[in-house]
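> give me the fold of what follows.
(one chain, ligands or ions: 1)
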Amino acid sequence: VADRLKDKTLYRTASFIDGAWVQGEGAKPILNPANNEMIAEIGDVGADGARSAIAAAATAFETWKRISPFERSKLLMRWHQLILENAADLAVLITLEMGKTQREAMGEVVYGAAFIEWSAEEAKRIHGETMQPPFPNSRGWTIHQPVGVVACITPWNFPNAMITRKCAPALAAGCTMVIKPAPETPLSALALAELARRAGIPDGVFNVICGDAQVLGPVMTGAPEVKMIGFTGSTAVGKLLMRQAADGVKRVALELGGNAPFIVMDDADIEAAADGVIASKFRVSGQTCVSANRIIVQSGIADRFVAALEARVSKLKPGDGFDGTSDLGPLIHHEAVARVDALVRNARESGARIVTGGKPLVDELGGAFYAPTLIEGGNPTMDLACFEIFGPVASIYRLDTEDEILRLANDTPYGLAAYVYTRDVNRVYRITEGLDYGMIGVNAPMVGSASTPFGGMKESGIGREGGKWGVEEFSELKYVLLGGV
Ligand code: ADP
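As a prediction, this is how the structure comes out:
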């Protein structure tokens, strides 16, 4: 694997604790989902490793929180610069460990780096306010201070950006970090640690631990030194971590699952909406938490919309992410292929029509591939509509009125991202105000950026990443009252 990198020393397979590489026990194979080849073996640092990383982060916090925010900003800027200089290698690691295409991987590196740049700029602008208390001869003011040691648990679908999106604002605010990457994708996390080290981020400030989630997780949520848990992943694991964090009343920031409606109204630009579904649904083979999950189309244009979408979906080419002609890569592993296929089979059994695709391509392409799929005529109560698909399967539901559409769109425990295509400005207000979602794209299929708030309502999470809101999550607001002035 190292031979595929311009800088071979970015291929790191040991955990990073207090500025040192720690091998851990055993050797868990990491597989490339496009061809099942082993790309690394990773040791497990166990509960002791997690404890030593937390202790290192707690010690480092005492100095990191005191250095000037201008200095923290400079270190983050250097890290940002090194990430961009090594973007091609980081993108290779992403494609190797989780399969997305090189174009998508490069996009992820640039997107992830933007959070570091934004947070570095923001570090200098964290400041409080003064206010009038109701007492005579008194003054009041607030200060923002870092929360403390933050433990982060991240997923495999954005193995680079889900780390920078949490760590950059946390480090900017003055927190120190212990990160547990997804077991499928340790290499991106460890390469980021190597670049953080080169940038001069002090030992103990940024730690990455690899190992069994069931063992490391409870140590992270249970340690009294850890003041906050940052998590991106499934709602089930998010709930578990929130329960564990409750004992220590630790702050939580949770980015959980979604069930995004993608609404196309009669007055929409059909071609733009069909392009939007391709971008929202088929990016990363549908494996993002903001991927369109239910495409809800107003009846008047449904036939034309299905035709426009079929023309596009049937042209999508799945293949190895390193092949420049591939439009989408494999799913993360073979269990994911089986899970997506079960959803499609259930849809077919409940009467839906497979317009195109609808089958695994494991034998044809030699990896965890699933055919880009378009389904219509399904029932909005079938599994495909109720669960997060996390695969390249678009399913269309037809409804007549705006009220019915809003009701169906909100009929889910999730509330992360929603999309609506319409050219009627009054409708834009009515629908965006009526949707119970944390982020809404109007005539826009992608909502995430470093400068804007990312996060969900309902069972999709707590807190926001990005922009000034992302930094606020990692700060405590302290009020000071001065009497006897
Ligand atoms: P997915 O099913 O997409 O892998 P998960 O929510 O299971 O989503 O995984 C997201 C992250 O949560 C990964 O880093 C995974 O290792 C971690 N994780 C899974 N189970 C636990 C757990 N019981 N405690 C702590 N972390 C966990």
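
> where does this protein dip in pLDDT?
Of all residues in the chain, none has pLDDT under 70.

> packing partners of the longest helix anywhere in it?
Taking DSSP state H as the criterion, the chain has its longest helix at helix 102-123. On a contact count with 3 or more Cβ pairs under 8 Å, 6 or more residues apart in numbering; DSSP states H and E, helix 102-123 meets helix 69-85, helix 87-98, helix 161-173, helix 467-472. Where C-beta positions appear, they are placed from N, C-alpha and C, glycine not excepted.

> in its sheet, what does the next helix or strand after it sit against?
With elements assigned by DSSP states H and E, the helix or strand that comes after helix 102-123 is strand 130-131. Using DSSP bridges, strand 130-131 pairs in its sheet with strand 139-146 (antiparallel).

> one step back: how far does the longest helix of the chain sit from the chain's center?
Here helix 102-123 shows a centroid-to-chain-centroid distance of 13 Å under the convention Cα atoms, centre = their mean, to the nearest Å.

> buried residues, it. List them.
For helix 102-123, a neighbour-count test (16 or more other Cβ atoms under 10 Å) marks 102, 104-109, 111-120, 122-123 as buried.

> tell me which parts of the stretch 101-250 of the chain are close to the ligand?
153-155, 180, 182-183, 213-214, 217, 233-234, 237, 240 (Cβ under 6 Å from any ligand atom).

> in strands, which of these appear?
Here DSSP state E is the test, and these give 153, 180 as lying in strands.

> extract the CA atoms of stretch 402-419 and return them as CSV.
Only the C-alpha atoms of stretch 402-419 are listed here, as CSV (Å, rounded to 0.1, in the frame of the first residue of the first chain):
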residue,chain,number,x,y,z
GLU,A,402,-48.5,19.7,-0.6
ASP,A,403,-50.1,18.7,2.7
GLU,A,404,-49.8,15.0,2.0
ILE,A,405,-46.2,15.5,0.9
LEU,A,406,-45.3,17.3,4.1
ARG,A,407,-47.0,14.8,6.2
LEU,A,408,-45.2,11.9,4.6
ALA,A,409,-41.9,13.7,4.7
ASN,A,410,-42.2,14.3,8.5
ASP,A,411,-43.5,10.8,9.2
THR,A,412,-40.2,9.4,10.5
PRO,A,413,-38.3,9.5,13.8
TYR,A,414,-35.4,11.1,11.9
GLY,A,415,-34.8,14.7,11.1
LEU,A,416,-31.4,15.3,9.5
ALA,A,417,-31.5,16.6,5.9
ALA,A,418,-34.4,17.2,3.5
TYR,A,419,-34.5,18.5,0.0
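
> now do the buried residues in it.
402, 405-406, 408-410, 412, 414-419.

> contacting residues for Val219?
By Cβ atoms under 8 Å, 6 or more residues apart in numbering, the contact list for Val219 reads 47, 50-51, 54.

> ok, so of those residues, who is nearest the ligand?
Ala50 (10.8 Å; Cβ to the nearest ligand atom).

> you'd agree the closest one is up against Thr221?
No - Ala50 is beyond contact range of Thr221, at 10.5 Å (criterion: Cβ atoms under 8 Å).

> who's more crowded, the two?
When neighbours are counted by other Cβ atoms under 10 Å, Ala50 and Thr221 differ, and Ala50 comes out ahead with 27 against 23.

> hang on, that one in a helix?
Yes - secondary structure assignment places Ala50 in a helix (DSSP: H, G, I helix; E, B strand; the rest coil).

> for it, which non-adjacent residue is closest in space?
Val219 (4.1 Å; Cβ to Cβ, 6 or more residues apart in numbering).

> likewise for Glu184?
Trp156 (4.1 Å).

> tell me who's in contact with the one you found.
97-98, 182-185, 332.

> cool, Ala193 as well?
Ala193 sits in contact with 12, 16, 206-208, where contact means Cβ under 8 Å, 6+ apart.

> thinking again about what came up before, name the member of the contacts of Val219 with the most neighbours.
Among the contacts of Val219, the one with the most neighbours (other Cβ under 10 Å) is Ala50, at 27 neighbours.

> ok, that one - contacts?
178, 180, 209, 211, 215-216, 219-220.

> what about 10 Å?
15, 17, 151, 178, 180, 207, 209, 211, 215-220, 222-223, 226 (Cβ atoms under 10 Å, 6 or more residues apart in numbering).

> ok, residues contacting stretch 304-315?
264, 266, 268, 270-275, 277-278, 281-282, 295, 297-298, 301, 327, 353, 355-357, 371-374, 376-377, 392-394, 396, 398, 421.

> state the distance from Val127 to Ser285.
Actually, residue 127 is His rather than Val. 43 Å (Cβ to Cβ, to the nearest Å).

> same question, Asp266
Distance from Asp266 to Ser285, by Cβ to Cβ: 30 Å.

> before we move on, what about Leu192?
Counting by Cβ to Cβ - Leu192 and Ser285 are separated by 23 Å.

> surely Thr130 and Leu481 touch.
No - here Thr130 lies out of contact with Leu481, judged by Cβ atoms under 10 Å, at a distance of 11.5 Å.

> name the residues contacting each of these two.
Contacts common to Thr130 and Leu481, judged by Cβ under 10 Å, 6+ apart, are 139-141.

> pull out the buried positions in stretch 474-481.
Buried, per 16+ other Cβ under 10 Å, within stretch 474-481: 474-475.

> same thing with stretch 37-49?
Buried, per 16+ other Cβ under 10 Å, within stretch 37-49: 39-40, 42-46, 49.

> give me the buried entries from the shared contacts of Thr130 and Leu481.
Applying 16+ other Cβ under 10 Å to the shared contacts of Thr130 and Leu481 flags Gly140 as buried.

> of all the shared contacts of Thr130 and Leu481, which comes closest to His80?
Trp141 (32.0 Å; Cβ to Cβ).

> for that closest one, which non-adjacent residue is spatially closest?
In space, Trp141 is closest to Thr130, 4.5 Å off (Cβ to Cβ, 6+ apart).

> look up how far Thr235 lies from the residue lying closest to Ala91 once chain neighbours are set aside.
Computed as Cβ to Cβ, 6+ apart, the closest residue to Ala91 that is not its neighbour in sequence is Ala105, at 3.8 Å. Separation of Ala105 from Thr235 (Cβ to Cβ): 26 Å.

> one more: Asp303?
35 Å.

> how deep is Pro133 tucked in, by neighbour count?
14.

> got the contact list for it?
139-141, 479, 481-483.

> quick check: the gap between the residue nearest to the spatial centre of the chain and Phe231.
For the chain, the residue nearest the mean C-alpha position is Met162 (4.8 Å; Cα atoms, centre = their mean). Separation of Met162 from Phe231 (Cβ to Cβ) stands at 10 Å.

> between these two, what contacts are shared?
152-155, 255.

> rebuild the residues you listed as JSON lines, extending it with distance to Leu365.
Output for the shared contacts of Met162 and Phe231, formatted as JSON lines (distance: Cβ to Cβ, whole Å):
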{"residue": "Cys152", "distance to Leu365": "34"}
{"residue": "Ile153", "distance to Leu365": "31"}
{"residue": "Thr154", "distance to Leu365": "28"}
{"residue": "Pro155", "distance to Leu365": "24"}
{"residue": "Glu255", "distance to Leu365": "31"}
